[in-house]
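**Q** Requesting a structural model of the entry that follows:
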Amino acid sequence: MIDRKTRLLFGVLIASLLSGCSNWGVKPWERDLLAKKSMQLNAYPLESASDDHTYFSKEASTGGRGFGGGGCGCN
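**A** Take a look at the predicted model:
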């Protein structure tokens, strides 16, 4: 059997490890900063899609970035 002192030490260790994860995540007052357009991975998705389509059509590549066809731009 495990003695009382070892159980107490084990309990304190587990409690301290679990409390270390309590501050993960985004706090409500931090969400306004993360919602800004400059913080997004792709701030201008329509412009990026248009540029990608033009690039992969003009480069005569087959496929590329998820749409089929190539060369002529007639995907």
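
**Q** Ser50: which element?
**A** Under the criterion of DSSP states H and E, Ser50 resides in helix 45-58.

**Q** what mean pLDDT does that helix have?
**A** Helix 45-58 shows a mean pLDDT of 80.

**Q** Quick one: list the elements packing against the helix or strand of the chain with the lowest mean pLDDT.
**A** Of all helical and strand segments in the chain, the minimum by mean pLDDT, DSSP states H and E falls on helix 45-58, at a mean of 80. On a contact count with 3 or more C-beta pairs under 8 Å, 6 or more residues apart in numbering; DSSP states H and E, helix 45-58 meets no helix or strand. Placement of C-beta: from N, CA and C, glycine included.

**Q** how about that helix: buried residues?
**A** Within helix 45-58, the residues that qualify as buried are 56-57, counting by 16 or more other C-beta atoms under 10 Å.

**Q** sorry, back to before: output the helix holding Ser50 as PDB, nothing but the C-alphas.
**A** The C-alpha trace of helix 45-58 is given here as PDB (Å, rounded to 0.1, in the frame of the first residue of the first chain):
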ATOM      1  CA  PRO A  45      -9.000  36.200 -49.900                       C
ATOM      2  CA  LEU A  46     -10.700  37.300 -53.100                       C
ATOM      3  CA  GLU A  47      -7.600  39.100 -54.300                       C
ATOM      4  CA  SER A  48      -5.400  36.100 -53.500                       C
ATOM      5  CA  ALA A  49      -7.800  33.700 -55.300                       C
ATOM      6  CA  SER A  50      -7.700  35.900 -58.400                       C
ATOM      7  CA  ASP A  51      -3.900  36.100 -58.300                       C
ATOM      8  CA  ASP A  52      -3.500  32.400 -57.800                       C
ATOM      9  CA  HIS A  53      -5.900  31.700 -60.700                       C
ATOM     10  CA  THR A  54      -4.000  34.000 -63.000                       C
ATOM     11  CA  TYR A  55      -0.600  32.700 -62.000                       C
ATOM     12  CA  PHE A  56      -1.500  29.000 -62.500                       C
ATOM     13  CA  SER A  57      -3.300  29.700 -65.700                       C
ATOM     14  CA  LYS A  58      -0.400  31.600 -67.300                       C
END
